[in-house]
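Q: could you work out the structure for the sequence below:
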Amino acid sequence: MASRDLDDLYPPLKKEAVKALKIAKSRGLKILVTNTWRAPGEQLALWMQGRKSLDEVNRQRRLHSLPKITEEENKKVVTWTRTSYHNAWPKAMAFDFCVVKDKKAVWSIKVDVNENDIPDYDEFGGICKEVSTNLEYGGDFSTPDRCHVQWKNGLSIDQTKKVVKRQASMVGNAMVERKKVRGFKRLKNWILSFKKRRT
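A: Okay, here's the model as predicted:
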């Protein structure tokens, strides 16, 4: 399952994110971090949404403990990439966020909770850029992603994608191996408990 924990962020990114969140709060913005680290399989499930059949999407979502979606929800593409800064290992190099109003997430990009005539998503993106030149706001992308902030690491997007893809592959393989080991341990424990009951 995807993480919302700031401790799962690349440490320099976490430091800057905490600063940005404090400034936002001082300006009357309530920002909730909705995602930090995300498993490669979860990223694939999100990428499949709007591109694959509902059965295929929900099968992939189920594998990663994500709730099922409806046919209507599957009409919308929710990500443009199969590999993401969220998949960097061991710490995510991106976080997603939402604006909160009356204790509820507001996804409208026009929301202006603090009533200063600046859309809150863009305002928080601007705060992030004020805090550090290493923070990149998704609202500035050629295909805007206004609920996304990522760490600029000095590499081009293509170079970063190669690094993230390689790391995601390593993480995926490690997770499969860990599941095999866990399954083996469960089987071994079950056999031992069965033997104890028989004696």
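Q: okay, buried residues for the helix or strand residue 62 falls within please.
A: Element membership of residue 62 [criterion: DSSP states H and E] is helix 54-63. The neighbour-count check on helix 54-63 (16 or more other C-beta atoms under 10 Å) flags 54, 57, 58, 60, 61 as buried. No exception for glycine: its C-beta is placed from N, CA and C like everyone else's.
Q: could I get the CA-only coordinates of it as PDB?
A: Only the C-alpha atoms of helix 54-63 are listed here, as PDB (Å, rounded to 0.1, in the frame of the first residue of the first chain):
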ATOM      1  CA  LEU A  54     -11.900  -2.700 -15.700                       C
ATOM      2  CA  ASP A  55     -11.200  -6.400 -15.000                       C
ATOM      3  CA  GLU A  56      -7.500  -6.000 -15.700                       C
ATOM      4  CA  VAL A  57      -7.300  -2.800 -13.700                       C
ATOM      5  CA  ASN A  58      -9.100  -4.200 -10.700                       C
ATOM      6  CA  ARG A  59      -7.000  -7.400 -10.800                       C
ATOM      7  CA  GLN A  60      -3.800  -5.300 -10.600                       C
ATOM      8  CA  ARG A  61      -5.300  -3.100  -7.900                       C
ATOM      9  CA  ARG A  62      -6.300  -6.100  -5.800                       C
ATOM     10  CA  LEU A  63      -2.700  -7.400  -6.000                       C
END
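Q: what mean pLDDT does stretch 128-137 get?
A: Averaging pLDDT along stretch 128-137 yields 94.
Q: sweet, I'm off.
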